[in-house]
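Novice: Mind looking at a prediction? Sequence and model below.
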Amino acid sequence: MTVVAVVGAQWGDEGKGRTVDYLAQNADLVIRFQGGDNAGHTVVNERGEWKLHIVPSGIFNPLATCLIGAGTVVNLGVMIEELTRLEARGVDTSNLVVDKRAHLILPFHRQLDGAEEAARTAGWEVGTTQRGIGPTYADKAARHGIRVGDILRPDRLRARLEMLVPRKNRELAFFGLPEVSVDELMVLCQGWRQIIGERIVDAVPLVRDAIAEGKVVLLEGQLGIMRDLDWGIYPYSTSSSPTAGGACVGAGIPPSAVDRVLGVVKAFSTSVGGGPFPTEVHGDLAERLRSAGPKIGHEYGATTGRPRRCGWFDGVAIGYASWLNGFTGISVTKLDVLDGFEELKLCVAYRLGDQVLDYVPDTATQEEVEPVYETWPGWLSDTSGCRTWADLPANAQRYLRRIEELARAPIWFVSVGPERDQIIVVRGM
Ligand code: GDP
């Protein structure tokens with residue numbers, strides 16, 4: 001194993017953070033390649049429970065370098081707070097660096113995120129976490145953005161802000177929000193520069209040399225493919241690409257250098273935010289999946305605390321995720337949540353009128369599909385103590401084998417609880 005992309009195969013919250021934390025024990029470099037502090041990776045390890053928002057989940061290995069890559073958008077204020085919290089609990093964060101090319105989230109991006117969401121017609125809300133991610137990526141694409149590296153060059157920063165601020169003030173005024181000034185933003189950025197200026201690097205030699213030397217590099221995705229800007233449920237999507245392709249772009253790695261693509265797949269489905277979700281269930285069933293017991297549940301967003309929408313496993317979405325990402329293996333998480341279910345449904349196709357679809361169609365069509373289900377018997381026993389494939393009940397093995405078929409990729413790991421050691425290595429990567 002050398003370069004491994006770890007990507008979400010569903011709507012996000014699949015358990016990528018815990019998977020990266022596990023793999024990072026043997027990694028040299030861990031790169032967050034897209035998104036911002038809208039991530040909510042929960043990691044539980046021997047040092048406690050952690051909520052990570054922008055810091056890569058490799059931070060608990062002091063020997064690994066953690067890079068916040070060029071494809072991300074970074075609120076340095078939030079990053080500094082997160083580092084302070086980690087350090088206060090004894091985590092050495094000295095190996096964390098940020099690429100100069102990452103884009104800067106400024107306070108007005110957050111304000112505009114909230115105002116734009118509030119202005120959306122009912123039913124068309126994106127479900128944004130209101131962290132300023134979308135507006136920052138919009139400025140990046142429009143070539144108005146401020147890069148993290150710009151804060152190291154005050155003259156350049158001021159010139160860039162003088163172009164950006166009048167535009168943003170027009171938008172803020174449109175929403176009845178107070179104007180911002182170049183001077184106040186300069187002061188803010190100067191403060192950030194003093195605290196974390198030394199962590200801002202050009203990541204090209206770091207990444208290139210790590211790969212050339214055969215180091216173990218993990219590419220950590222945020223969110224899942226169904227929130228991808230192009231291939232997800234646009235417009236209920238994020239503003240970047242959490243795919244293996246996006247990993248190459250955001251980390252600055254050629255596709256040919258990626259050795260493994262690990263899809264992280266929850267054993268059922270959850271989604272936070274708007275948009276179609278064909279296998280969604282409601283009422284008691286949803287509540288059972290959301291909070292099935294003290295050891296399980298946790299189906300509340302780590303960044304927002306919002307309850308996650310829950311549903312049956314969607315094999316169509318997984319097949320689609322596998323095709324677009326090129327999974328070479330999958331990690332199935334949260335199997336233990338299903339321990340108490342007498343029977344389980346697996347969606348194996350979508351019905352659209354008299355057509356049967358075996359792929360995820362565009363958003364408008366997806367809103368019209370009906371899931372086609374298979375019903376599988378549950379195992380009605382506690383899997384949280386299982387540590388090998390053989391320990392798993394036969395019905396759990398059958399359910400997993402069916403997931404493997406639908407994913408068209410072998411299962412490498414199964415997790416049966418949030419703790420670092422609650423993982424079954426099914427086969428080596
Ligand atoms: P991420 O954004 O993909 O890293 O996922 P989140 O951290 O947002 O959500 C996953 C949640 O499930 C977290 O609270 C994890 O601690 C928890 N979790 C991860 N794997 C397992 C598992 O195998 N079993 C249980 N019960 N919880 C898990």
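Specialist: Nice, I can see it. Numbers count the residues shown, from 1 in each chain.
Novice: So which residues of the stretch 1-150 of the chain form strands?
Specialist: 3-8, 29-32, 41-45, 48-52, 65-68, 73-74, 96-99, 103-104 (DSSP state E, counting those that start in this stretch).
Novice: So which residues lie in contact with the first one, not counting its own?
Specialist: By CB atoms under 8 Å, 6 or more residues apart in numbering, the surrounding residues in contact with strand 3-8 are 14, 16, 19-20, 23, 211, 216-225, 242-244, 247, 253, 257-264, 325, 429. The C-beta positions use only the backbone N, C-alpha and C, and glycine is treated the same way.
Novice: winner for burial among the strands of the stretch 1-150 of the chain?
Specialist: strand 29-32 (a mean of 29; mean count of other CB atoms under 10 Å).
Novice: mean confidence score for that one?
Specialist: The predicted model assigns strand 29-32 a mean pLDDT of 98.
Novice: Look at the closest residue to M186 other than its chain neighbours and say how many residues are nearby.
Specialist: Distances taken as CB to CB, 6 or more residues apart in numbering put R158 closest to M186, at 6.1 Å, once the chain neighbours are dropped. Residues lying near R158 (other CB atoms under 10 Å) number 15.
Novice: what's the answer for P418, then?
Specialist: The burial count assigned to P418 is 22, neighbours taken as other CB under 10 Å.
Novice: For the residue nearest to it when sequence neighbours are not counted, give the beta-bridge partners.
Specialist: In this structure, P418 finds its nearest non-sequential neighbour in V44, 4.4 Å apart by CB to CB, 6+ apart. Per DSSP bridges, the residues bridged to V44 are E49, E419.
Novice: Same check on E343?
Specialist: Per DSSP bridges, the residues bridged to E343 are P377.
Novice: Checking the residue nearest in space to the middle of the chain next. Helix, strand or coil?
Specialist: In the chain, the residue lying closest to the centroid (CA atoms, centre = their mean) is Q222, at 1.8 Å. The assignment at Q222 comes out as strand when based on DSSP: H, G, I helix; E, B strand; the rest coil.
Novice: Not counting its neighbours along the chain, what's nearest it?
Specialist: Distances taken as CB to CB, 6+ apart place G35 nearest to Q222, at 3.6 Å, with adjacent residues excluded.
Novice: looking at it, that neighbour is touching V73, isn't it?
Specialist: Yes: assessed by CB atoms under 8 Å, G35 is found in contact with V73 at 7.4 Å.
Novice: just to revisit the earlier point, ok, the residue nearest to the centre of the chain to S415 distance?
Specialist: Q222 is 19 Å from S415, where distance means CB to CB, to the nearest Å.
Novice: now swap in V7 and tell me
Specialist: For V7 relative to S415 (CB to CB), the value is 16 Å.
Novice: Repeat that for G232.
Specialist: In terms of CB to CB, G232 sits 24 Å off from S415.
Novice: Any idea how many residues pack against S271?
Specialist: S271, neighbours per other CB under 10 Å, totals 25.
Novice: and the closest residue to it other than its chain neighbours, what is it in contact with?
Specialist: Of all residues not flanking S271 in the chain, W11 sits nearest, at 3.8 Å (CB to CB, 6+ apart). Shown in contact with W11 (CB under 8 Å, 6+ apart): L223, G224, M226, R227, S269, T270, S271, V272, G273, F277.
Novice: now do F413
Specialist: Contacts of F413 by CB under 8 Å, 6+ apart are T19, Y22, S331, V332, I423, I424, V425, V426.
Novice: Please tabulate the residues you listed in JSON lines, including the columns secondary structure, distance to the ligand and pLDDT.
Specialist: Output for the contacts of F413, formatted as JSON lines (DSSP: H, G, I helix; E, B strand; the rest coil; distance: CB to the nearest ligand atom, whole Å; pLDDT from 0 to 100):
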{"residue": "T19", "secondary structure": "helix", "distance to the ligand": "7", "pLDDT": "95"}
{"residue": "Y22", "secondary structure": "helix", "distance to the ligand": "10", "pLDDT": "95"}
{"residue": "S331", "secondary structure": "strand", "distance to the ligand": "9", "pLDDT": "98"}
{"residue": "V332", "secondary structure": "strand", "distance to the ligand": "9", "pLDDT": "98"}
{"residue": "I423", "secondary structure": "strand", "distance to the ligand": "8", "pLDDT": "97"}
{"residue": "I424", "secondary structure": "strand", "distance to the ligand": "10", "pLDDT": "97"}
{"residue": "V425", "secondary structure": "strand", "distance to the ligand": "14", "pLDDT": "97"}
{"residue": "V426", "secondary structure": "coil", "distance to the ligand": "14", "pLDDT": "96"}
